[in-house]
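Asks: Structure of the sequence below:
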Amino acid sequence: MTWFQDAAQYLAGTFRLLLRRPYRGVVREGSMPRFVAPKTLYILNEDGDPWQATMMCPCGCGAVLEMNLVPDEKAVWRAKVEKDGTGTLHPSVWRQVGCRSHFFIRNGKIRWCD
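Replies: Reported below is the predicted structural model:
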């Protein structure tokens, strides 16, 4: 490759990162929406207490992921909406079936694990 092609690829990658829309956090009372929107982390509450986080898998496989937020249960996550409206989910999500994705969501950005 020439230096021009290298520079063009670098600039294209930088613009893709800048234009990438972050995951937004949405708090809903009651049940999950009928259609799960992409790039959205839903935090479902019951009587003001969070009980489930729901999102589409960020790898693009189309699977709907549901994470437990009830602290008394085994395998529990913490989810919150940041001040800027983005979502955060902790600890990581590691799918054991299907696409086998492993990632974090921090301030609306997906952080892939190796």
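
Asks: Now the element after the worst-scoring helix or strand of the chain on mean pLDDT, going C-ward?
Replies: Lowest by mean pLDDT, DSSP states H and E among the helices and strands of the chain is helix 3-19, with a mean of 64. Counting by DSSP states H and E, the next helix or strand C-terminal to helix 3-19 is strand 24-29.

Asks: who does that next one touch, helix- and strand-wise?
Replies: On a contact count with 3 or more CB pairs under 8 Å, 6 or more residues apart in numbering; DSSP states H and E, strand 24-29 meets strand 40-46, strand 78-81, strand 87-94. To be clear about C-beta, it is placed using only N, CA and C from the backbone, and glycine gets the same treatment.

Asks: I'd say residue 36 and residue 56 touch.
Replies: Yes - at 5.4 Å, residue 36 and residue 56 qualify as touching, with contact defined as CB atoms under 8 Å.

Asks: Enumerate every residue touching residue 98.
Replies: 57, 61, 63 (CB atoms under 8 Å, 6 or more residues apart in numbering).

Asks: can you check residue 95 too?
Replies: Contacts of residue 95 by CB under 8 Å, 6+ apart are 57, 63, 65, 101, 102.

Asks: Verify the assumption that the third one is located in a helix.
Replies: No - following the definition DSSP: H, G, I helix; E, B strand; the rest coil, residue 65 is strand and is not counted among the residues of a helix.

Asks: give me the beta-bridge partners of it?
Replies: residue 55 (DSSP bridges).

Asks: Does it touch residue 58 like I think?
Replies: No - counting by CB under 8 Å, residue 65 stays clear of residue 58, with 9.0 Å between them.

Asks: what about the chain, any weak spots by pLDDT?
Replies: Low-confidence segments of the chain, defined by pLDDT under 70: 1, 5-8, 10-20.

Asks: again, only using 80
Replies: 1-21, 114 (pLDDT under 80).

Asks: burial of residue 62, as a residue count?
Replies: If you count neighbours by other CB atoms under 10 Å, residue 62 ends up with 11.

Asks: for it, what are its contacts?
Replies: residue 56.

Asks: now it, what's its secondary structure?
Replies: Criterion first, three-state DSSP; result for residue 62: coil.
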